[in-house]
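Colleague: Okay, predicted coordinates and the sequence, questions at the end:
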Amino acid sequence: MPQTKLNELDGNSSTSPADAESLRQLRQLVEEEQYAAAEHLLESMNAGDRTRLLSRLPPSMQQNLVTNIEVDQAADYIHELPDVQAVELLDDIAPAQAATILEGLPKDEQADLIGELPAESMDAILSAMPDVDASAVRTLVEFDDDEAGGLMVVEFLSFDERESVNGVIEHLRQNVKRYTDFDVQYAYVVDADGRLKGVLRLRDLLLSPGELPVSRAMIDDPLSVSTNTPLRELYKFFAEHGFIGVPVVDQADRLVGVLRRVDVEEAMAERYAEDYRKTQGIVNEELRTMPLFLRSRRRLAWLSINIVLNVIAASVIALYQETLAQVIALAVFLPIISDMSGCSGNQAVAVSMRELSLGLVDAAEVVRVWLKEVTVGMINGLALGLLIGAVAYLWKGNMWLGGVVGLAMMVNTILAVSIGGTLPLIMRLLKLDPALASGPILTTVTDMCGFFLVLSGASLVLPLLV
């Protein structure tokens, strides 16, 4: 089945009546090459509705639309699309057209999209850009997405420390159009070699004598971050300082960009979202507008591993099927113990993942983390064990059944938090993604241990249970 048809079936099957009608109109206008009318229809919508409809257009229609409307408008639509769709769209259109459209986006956004393209497409688009712009984008692409160099913006105001206040003000007046899209709240003062010297507030600029050098109006010794500062340190920096932005310098202390608080917060939120998706088996970003069999194949790769792990856990039950057959009440408590221990373990995983992302714990501190978790596990395990044991006793009136179930719950809770707390650190030490492996491994091990503890314990005291 052609990809376009797959997208249509997969993306629109649950579309609301209002969306379905708008999507039908938009598709008809694009098919009839009435691009101005299509643009007018999209502009009459709010941003959320517009993004939803754009994302549900077949790729060929997306291409026709963005390559036949005003460049600035096309850039806005590219910006509104999810990154995975925007990258695919840019890869499918001519490099010269892609370069022209990208010129309407800030350099950091250009770098984010271009950096996701195949090397051949990236080089072709950069070759079609003006040399100055291409050089700026290449510089940004070299940095990782989770460090200051990859998050900074390169559109900022900087002036030589020898410039006068009048000279700076006149320069701003003569370049109004150039700076229209800049986030102008501060300017930065540099020396002849581009090294950062100070921060110039616009209020101080406007209220200072005209003949005064800007070096006399600036704030000296400003705080800055280096291009290689990792995301977790940047997040901590903004948590400790009330800045809306901070200058970024290279190894020679030259000013190369500005990092905004909002960009760090968005990057941190995206990291948490990505880690959560990975724990659920969504390794690559998935949208329901993607081809059906691609989505199915990606999910099956993860589910196939999980089914093997679950078979291993279930095999423990098979070993004790005679015990289970004689004390059928145990079957009621097996999923409870498994689920509660899994919940306790996932809590420990969440704390470890959070501390790793913030840099509050080092991957080598496995013993320290285990000691912290095992104490919590002992307290919570005892409480949960007494509770489930009491339920078992009140239900069947058998003290031994309550003891077996309660002890299994307590021990498995301790095991679960021990594994959940330390596994992310161990995975990090092994250079593996903690979010990717902690979930299924934890679930399988806690299930196996829970089943084993209940059934083996019951086997030891079987005459007292029947």
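Modeller: All right, it came through fine.

Colleague: hey, let's count contacts and neighbours off CA atoms from now on
Modeller: Will do.

Colleague: got a list of what the spatially closest residue to Leu330 that is not a sequence neighbour touches?
Modeller: Here the nearest residue to Leu330 in space, its sequence neighbours aside, is Leu324; by C-alpha to C-alpha, 6 or more residues apart in numbering that works out to 6.5 Å. Contacts for Leu324 (C-alpha atoms under 8 Å, 6 or more residues apart in numbering) come out as Leu330, Ala331, Leu455.

Colleague: Got a PyMOL select line for the buried ones in the residues you listed?
Modeller: A single PyMOL command selects the buried members of these (16 or more other C-alpha atoms under 10 Å):
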select buried, resi 330+455
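
Colleague: Relative to the one helix or strand Phe159 maps to, what are the paired strands and their orientations?
Modeller: Following DSSP states H and E, one finds Phe159 within strand 158-160. Partners of strand 158-160 in the sheet, by DSSP bridges, are strand 186-190 (parallel).

Colleague: still on that earlier bit, relative to Asn228, which of the contacts of Leu324 is nearest.
Modeller: Leu455 (53.2 Å; C-alpha to C-alpha).

Colleague: buried stuff in the host helix or strand of Leu384?
Modeller: Per DSSP H and E: Leu384 is located in helix 366-396. Neighbour-count burial for helix 366-396 flags 366, 369-370, 373-374, 376-378, 380-382, 384-386, 388-393 (criterion: 16+ other C-alpha under 10 Å).

Colleague: from the middle of its chain, how far away would the next helix or strand after that helix be?
Modeller: Moving toward the C-terminus from helix 366-396, the next helix or strand (DSSP H and E) is helix 399-429. Taking C-alpha atoms, centre = their mean, to the nearest Å, one finds helix 399-429 lying 30 Å from the centre of the chain it belongs to.

Colleague: OK, contacts around Ala37?
Modeller: So Ala37 contacts Leu29 (C-alpha under 8 Å, 6+ apart).

Colleague: Quick check, pLDDT for it.
Modeller: For Ala37, the pLDDT comes out at 92.

Colleague: CA-only coordinates of the one helix or strand it maps to, as CSV, when you get a sec.
Modeller: Assigned by DSSP H and E, Ala37 belongs to helix 35-43. Taking C-alpha atoms only, helix 35-43 is exported to CSV below (Å, rounded to 0.1, in the frame of the first residue of the first chain):
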residue,chain,number,x,y,z
TYR,A,35,-2.7,27.6,-2.4
ALA,A,36,-3.7,31.2,-1.5
ALA,A,37,-7.1,29.9,-0.4
ALA,A,38,-5.5,27.0,1.5
GLU,A,39,-3.2,29.5,3.3
HIS,A,40,-6.2,31.7,4.1
LEU,A,41,-8.1,28.7,5.6
LEU,A,42,-5.1,27.7,7.8
GLU,A,43,-4.6,31.3,9.0
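
Colleague: I'd guessed Val248 sits against Leu151; true?
Modeller: No: counting by C-alpha atoms under 8 Å, Val248 stays clear of Leu151, with 10.0 Å between them.

Colleague: any common contacting residues for the two?
Modeller: Residues touching both Val248 and Leu151 by C-alpha under 8 Å, 6+ apart: Leu259.

Colleague: Sticking with Leu26, tell me its helix or strand.
Modeller: Per DSSP H and E: Leu26 is located in helix 17-31.

Colleague: mind listing what's buried in that helix?
Modeller: Asp19, Ser22, Leu23, Leu26, Arg27, Leu29, Val30.

Colleague: Just list what it packs against, helices and strands only.
Modeller: helix 35-43, helix 47-56, helix 59-66 (3 or more C-alpha pairs under 8 Å, 6 or more residues apart in numbering; DSSP states H and E).

Colleague: Single out the most deeply packed of those helices.
Modeller: helix 59-66 (a mean of 20; mean count of other C-alpha atoms under 10 Å).
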